[in-house]
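>>> pasting the sequence and the predicted coordinates here, then a few questions.
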Amino acid sequence: MPLYEFRCDTCGSFETWRNMAQASEPMLCPSCDTLATRIYSVAGLILTPSALSRRIDQSAEPKVQQRHSHSHSHSHNHHNGRPWMIGH
């Protein structure tokens, strides 16, 4: 059920939930019971600042990580071809 906004000439604007079939029907002001007119307002949109939008777009891209080269010297024992297995 949508929310509709009405304006009473005496009391000001008010909102009420109505069926879509009743959207064009007149509405009585809940305070003074006079006939109120429907107001058509702009939907609430939130604009994202361009700097924040750029940061969000950049964070969605995958980052490439570089492997650091070893600065120390050590040797691996690769004589069996499988260094991750424990020998017998």
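Okay, I see it.
>>> show me the shaky parts of the chain.
70-83, 85-88 (pLDDT under 70).
>>> can you show me the helices along it?
Ranges of helices within the chain are 50-60, based on DSSP state H.
>>> which parts of it are strands?
3-8, 12-17, 27-28, 35-39 (DSSP state E).
>>> so which of those strands is nearest residue 55?
strand 3-8 (33.6 Å; CB to CB). Placement of C-beta: from N, CA and C, glycine included.
>>> need the residues that contact the closest one.
With CB atoms under 8 Å, 6 or more residues apart in numbering as the contact definition, strand 3-8 has outside contacts at 13-18, 23, 27, 29, 31-32, 34, 36-39, 41.
>>> from residue 29, how far out is the nearest residue to residue 32 once chain neighbours are set aside?
Spatial nearest neighbour of residue 32, chain neighbours left out: residue 10 (5.2 Å); criterion: CB to CB, 6 or more residues apart in numbering. The spacing between residue 10 and residue 29, counted by CB to CB, to the nearest Å, is 7 Å.
>>> out of the strands of the chain, the one nearest residue 46 is which?
Closest among the strands of the chain, using CB to CB: strand 3-8, at 17.9 Å.
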